[in-house]
Structure formats: C-alpha cells, structure tokens
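1. return a 3D structure for these sequence lines:
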Amino acid sequence: MSRVHLSMILLAAGVAGAAQAAPAPKTVWSTALNVPVYEPPQARGEKLFLTSLQPAGPNLFAIDGKSGKVIWSFATQGAIGIPPTVGKTQVFVASDIGNTHFLRAIDAKNGFLIWQYTRSQPPECMCSQASILSGGMLFAQSDGHSLYAFAPSGAAPSKRLWAFAGDGAPLTAPVVADGLVVFGSGDHYVYALDAKSGAVKWTGTTGYVFTADPAIGDGTVVIGDQGGNIDGFDLQTGKALWSNAAGNIDVAAVIAGTSAYLVSEDHNVYALDIKTGNQLWQYGMDDYAAFSPVLANNLVIVANRAGQLVAIEQKSGKLAWRTELAGTPFSRPAYFPAEHAVVLKIGDHAIGAFDVATGKSLWLYNTPEVVTPPVVNGDAIDAVTSSGHAVALN
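-> Below is the predicted model:
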C-alpha cells in the first residue's frame, strides 16, 4: 500500500494532531489470509506463525517473513484465541472442540502434527493463555486455573509430566528460573514449584491477591499485589525480603541489573533496588499504564491511559520527553532497533513508531479494521488485521 493511499485513509478516519502529519510506513509485503485474526503473529527465524478464530478450515499458518508467502497451514477444527508458542522446531497451540481440549505440537518446517495432548475431564480448556517454553519444558495453563507441564520432545512428549491444581483462583503466567516455576495466584499466595516434578518448594504471601506476573532477577522474585504493595522474595527460599508501598500493581516489573521498574494504578512509575526494596525514584503521570514499560536507550518508556508515550531517564527518574498519541495505547511499547524506535498499537486501528531519542512520530499505519499489536521482526514490523490481512512494515 502506498504512502499516499495510507495518508488518505488517515484523513478519512479523522486521526487528529500529530498523527495526521506522520507519514505512512513502507509496506514490505502484504498477504490476504481471509480468516479472522486478533492475536499478534509470532516470529522465529525467517518465519511468522499466526492463529485464527476460524473454527473450520485452516487456522494455524506459517508465513515466510521476507516475502509474506504462506508456507503451510494447519486445521485444528476448533477456534484458536491465543498466539502460538514457537520453539526451535515445533509450534505449540491449544484449541477445543466441544468439551474436548487439545494441546498440539506442529512441525515448524512442514506443518505436520507431531503430537497432541487431549483432555475432556475436568472440562478445562488450555486455550485461554499461551503456553510457555522454558528450561526445555512446556508449561500450559487451563481456564480451570491449573498449570500443566510437558516435555515437548522425547519418547512420550504428549504425556503430561505433572499438574498443579489450585483452589480455583486464577493464576498469573509462570516464570521459570533456576529450576523453579514461579507464579502468583488469586488465593493471595506466590508459589514456587520444582520444574521437573511440580512439587511445591515454597509459598509466600502478602495477604492480597496477585494478578501481575512475577519478574525474576539476581535471585529475587519481584511481584506487585492488589493491596498496593511491591514485594521481593528470595527465589530459592521464598523468604520475604522487603515490601514497598505503591498503588495496585496489575502488570509485571521490568528488571535490569539490580533495578526493577514498575507501573502502578496510582499513576506512578517506580524504580526500586531489587535487593533492598529501596525506592530509587518515582515519576507521576497523568494516568496509569496498563502495560509494562520497555527499556531502551537508557530510558524507561511507558504508554499511559491518558494517551501519552512517556520516556523517563533510567538512572535519574527525570522526564526525557513526552509525546501525545492519537488515541489510547492498546499494547506495550516494543523496541525496534532497526529504526531506533518504539512501536505500539494505538486504539483499535493504528500502529505508530516513535523515535527513542526524541519521541518524534516517525510513521503511522492506520487501517479501518482492527489490527493486532505489532511484532518486531528484524528490520520490519509485522501485524495482522481482523480479516487476516498480514503486513510487514518499515
């Protein structure tokens, strides 16, 4: 699609302010899959993998990341509402048909089925959150609030190794480090399980619900709760190391070195020392951020609900720049090294790129359809619209 044509779309859509002045990106390639897609594609090497809500016909696709050509497709016979999980040689995806639920491993090269795990009782679908590959193991969560572990390859890869069944409270996504699987729960506890056996190694609590995913760095688990606390636990023992007051924490911290950076419902961005919990700095915004920050160019970059992209100096906590977006951010900012930019989804229909050093708008891609969050893939940005129109932009 030409820059002129995209500019006409922008004007017709009534995108205001800086967004109207932003040029359209170059379209490297464009492919029409003609299936409903709402989840972002996943990149691995020179391939893209994406899923569709289409319940009949192909709904898992592999696309050549350089040309946009469809390499293969696979039909699960059930809608897929989560992104695929991509390993070196396999693609993992969950779907359900009626009361039967499937976790499948597909050969990333040719789209052939390698193995599948089937579950019917209890009726828990593993299709509410994407599975996670870590430490040579595959972890999948069910919407019944259980956590399952699999060996993705080997003599009997489709055999479930172990399961953690909570008390019905929702679980955060698991994080794997040093042989432990760590996650929070709505039952007010943080759990650390042995990755190989599923045995509970320790639990920790602050007395409040956990909805934010944990972050792990330098032997410390950093996690926020719904009581307005940011807490540190020793990774190996679960010992409570420190607690720091904030607003409710809904998303994971970002850890760099011995510092953790978090956003809170109290509209603040916090920087903490993960060993002591001491506050390094605090920056107040006009509204809260629904997504974790991204670190780039020694900046902490946050997109908040006031429609602002805010860059804060990583060491000092001082404002570096602030840019007004043409809408509410609908994805976490992602660093795009090829253009020294951050990219994010703005509203339902746009993706914007902004210079990391200055916050200047570099380009805006706008479509009348709902677009997925952008995925950084080498020198291009990949995205798909709700009708299955896949594009590579730069």
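
2. for the rest of this, base every contact and every neighbour count on C-alpha atoms.
-> Fine.

3. need the residue closest to the centroid of the protein.
-> In the chain, the centroid-proximal residue (C-alpha atoms, centre = their mean) is residue 332; its distance is 7.9 Å.

4. residue contacts, it?
-> Listed by C-alpha atoms under 8 Å, 6 or more residues apart in numbering, the contact set of residue 332 reads 291, 292, 293, 294, 302, 303, 344, 345.

5. repeat the analysis, applying 7 Å as the threshold.
-> Going by C-alpha atoms under 7 Å, 6 or more residues apart in numbering, residue 332 touches 291, 292, 293, 344.

6. repeat for residue 302
-> By C-alpha under 7 Å, 6+ apart, the contact list for residue 302 reads 289, 293, 294, 309, 310, 311.

7. which of those residues sits closest to residue 242?
-> Distance to residue 242, by C-alpha to C-alpha, is smallest for residue 293 among the contacts of residue 302, at 22.2 Å.

8. let me see the confidence value for that closest one.
-> In this prediction, residue 293 carries a pLDDT score of 98.

9. I figured it was touching residue 301, is that so?
-> Yes. Applying C-alpha atoms under 7 Å, one finds residue 293 in contact with residue 301, separated by 5.4 Å.

10. those two: which has the busier surroundings?
-> Taking neighbours as other C-alpha atoms under 10 Å, residue 293 and residue 301 compare with residue 301 leading, 29 against 26.

11. among the contacts of residue 302, which one lies nearest to residue 147?
-> residue 293 (26.9 Å).

12. ok, and the closest non-adjacent residue to that closest one?
-> residue 302 (4.7 Å; C-alpha to C-alpha, 6 or more residues apart in numbering).

13. now that neighbour: how far from residue 88?
-> Here residue 302 is placed at a distance of 31 Å from residue 88 (C-alpha to C-alpha, to the nearest Å).

14. go on, residue 390?
-> Remark: distance between residue 390 and residue 88 (C-alpha to C-alpha) = 23 Å.

15. so between the two, which is more surrounded?
-> residue 390 (24 against 10).

16. the strand or helix carrying the more buried one: how far from the chain's middle?
-> Using DSSP states H and E, residue 390 sits in strand 389-393. Here strand 389-393 is found 19 Å from its chain centre; the criterion is C-alpha atoms, centre = their mean, to the nearest Å.

17. ok, it: who's next to it in the sheet?
-> strand 27-32 (antiparallel), strand 380-384 (antiparallel) (DSSP bridges).

18. for burial, what's the neighbour tally of the closest residue to residue 389 other than its chain neighbours?
-> Once flanking residues are discounted, residue 389 sits nearest to residue 32: 4.5 Å by C-alpha to C-alpha, 6+ apart. Using other C-alpha under 10 Å, the number of residues around residue 32 comes to 15.

19. residue 32 and residue 384, how far apart?
-> As defined by C-alpha to C-alpha, residue 32 lies at a distance of 9 Å from residue 384.

20. what touches both of those two?
-> Contact with both residue 32 and residue 384 is made by residues residue 390, according to C-alpha under 7 Å, 6+ apart.

21. circling back to that earlier point, the residue nearest to residue 389 and residue 385, how far apart?
-> Taking C-alpha to C-alpha, one finds residue 32 at 10 Å from residue 385.

22. swap in residue 254?
-> Separation of residue 254 from residue 385 (C-alpha to C-alpha) stands at 29 Å.

23. repeat that for residue 229.
-> The value you get for residue 229 to residue 385, if C-alpha to C-alpha is used, is 38 Å.

24. what's the answer for residue 75, then?
-> 20 Å.

25. next one: residue 244
-> On the measure of C-alpha to C-alpha, residue 244 and residue 385 end up 41 Å apart.

26. re earlier: which one's more surrounded, residue 75 and residue 385?
-> Of the pair residue 75 and residue 385, residue 385 is the one with more neighbours under other C-alpha under 10 Å, namely 26 against 16.

27. now do the same for that one: its pLDDT.
-> You'll see residue 385 listed with a pLDDT of 97.

28. again with residue 217
-> At residue 217, the predicted lDDT confidence score is 96.

29. got it, and the one 10 residues further on?
-> For residue 227, the model assigns a pLDDT of 94.

30. for stretch 290-307, list every residue counted as buried.
-> Judged by neighbour count (16 or more other C-alpha atoms under 10 Å), stretch 290-307 contains these buried residues: 290-296, 299-307.

31. quick one: which of the residues you listed is nearest to residue 360?
-> Nearest to residue 360 among these, counting by C-alpha to C-alpha, is residue 301 at 13.4 Å.

32. that closest one looks like it's in a helix, true?
-> No. For residue 301, which was evaluated using DSSP: H, G, I helix; E, B strand; the rest coil, the result is strand, with no helix membership.

33. quick check: it touching residue 308?
-> No. Judged on C-alpha under 7 Å, residue 301 makes no contact with residue 308 at a distance of 10.3 Å.

34. distance of the residue nearest to residue 389 relative to residue 225?
-> Separation of residue 32 from residue 225 (C-alpha to C-alpha): 43 Å.

35. which stretches of the stretch 101-250 of the chain have low pLDDT?
-> Along the stretch 101-250 of the chain, segments meeting pLDDT under 70 span 121-123, 144, 154-155.

36. and if we set it to 80?
-> For the stretch 101-250 of the chain, the stretches with pLDDT under 80 are 120-128, 143-144, 154-158, 166, 168.

37. now do residue 99 against residue 126, distance only.
-> Taking C-alpha to C-alpha, one finds residue 99 at 12 Å from residue 126.

38. neighbour count winner among the two?
-> Shown here are residue 99 and residue 126; by other C-alpha under 10 Å, residue 126 has more neighbours (26 against 12).

39. helix/strand/coil for that one?
-> What three-state DSSP gives for residue 126 is coil.

40. would you confirm that it contacts residue 139?
-> No. Assessed by C-alpha under 7 Å, residue 126 is found out of contact with residue 139, at 10.2 Å.

41. what distance separates the start and the end of stretch 276-292?
-> End-to-end for stretch 276-292, by C-alpha to C-alpha: 22 Å.
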